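Asks: Task: produce atomic coordinates for the following.
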Amino acid sequence: MELDDLKQTWKQSETNNNLNTNIMNMIQHKSYGPLAALKKEFRKQIIVMSLLPVLLIFTNLDDISKPLTSILFWAYVLLCVGVIVFASFNYRIVNQMSVMDGMVKSNLEKQVNVLQKRIQWKITGLRIAMLFLIVLTEIVPYIQHYRMLDKWHSLSPAIRFSAYAALLLFQYFVGRQVIYRKFGSHVNYLKELIREME
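Replies: Now for the predicted structure:
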């Protein structure tokens, strides 16, 4: 009787080990799976945010001092640097998860929870950045003159603030969905896979 119980326990632990190995292979696969998708999105974010300020300078090559003395340009560079740093930290976490072989379930869960919190921070950060840009758009014309902003300020405040409200509402709903599709869905899938581990 005890021998049968021992055999049954052995088979069950062997099945659990195989299941865990398969799940870890799915999680850590280099070209597909949740970690590969997250790494790709974070890497893309880092590259795009690095190139945007450079492209802005290239569009003003005829007068290079124009962007370099612009408050809006430096505010934009600051936002880009913030996004790059944030994406780099997240990329590092995902990269660690994809190369570590002996990770236990609790360690994986901790790192996935960190990623999930950071996605919430990202949503909040984007809203703050949008408010910051709106405030900057309203304040900058009193400090520096831009033809485009002068035209914008020639509109009535009711039209401007209605446009800001519409932009914030759009960002509130669409921004959340975009972030979920690019990051949140993969993090949720990771959570499901980890939950299946024994």
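Asks: Flag the shaky bits of the protein, pLDDT-wise.
Replies: Within the chain, the segments meeting pLDDT under 70 span 1-31, 100-104, 197-198.
Asks: one more time with 80, if that's ok
Replies: Across the chain, the ranges flagged by pLDDT under 80 are 1-33, 61-68, 98-107, 145-148, 193-194, 196-198.
Asks: Which positions in the biggest helix by length in it come out as buried?
Replies: Counting residues, the longest helix found in the chain (DSSP state H) is helix 105-139. Neighbour counts using 16 or more other CB atoms under 10 Å place 108, 111-112, 115-116, 118-119, 122-123, 126, 129-130, 133-134, 137-138 of helix 105-139 among the buried residues. Bear in mind the C-beta positions are built from the backbone N, C-alpha and C, glycine included.
Asks: residues in contact with the residue nearest to residue 184 when sequence neighbours are not counted?
Replies: Setting aside the residues directly before and after it, residue 184 is nearest to residue 119 in space (CB to CB, 6 or more residues apart in numbering), at 5.5 Å. Applying CB atoms under 8 Å, 6 or more residues apart in numbering, we find residue 119 in contact with 179, 183, 184, 187.
Asks: Can you tell me how far residue 119 is from residue 134?
Replies: In this view, residue 119 and residue 134 are 23 Å apart by CB to CB, to the nearest Å.
Asks: what ranges do the strands span in this protein?
Replies: Taking DSSP state E to define them, one finds no strands in the chain.
Asks: Just give me how far the longest helix of the chain sits from the chain centre.
Replies: On the basis of CA atoms, centre = their mean, to the nearest Å, the separation between the geometric centre of helix 105-139 and that of its chain is 8 Å.
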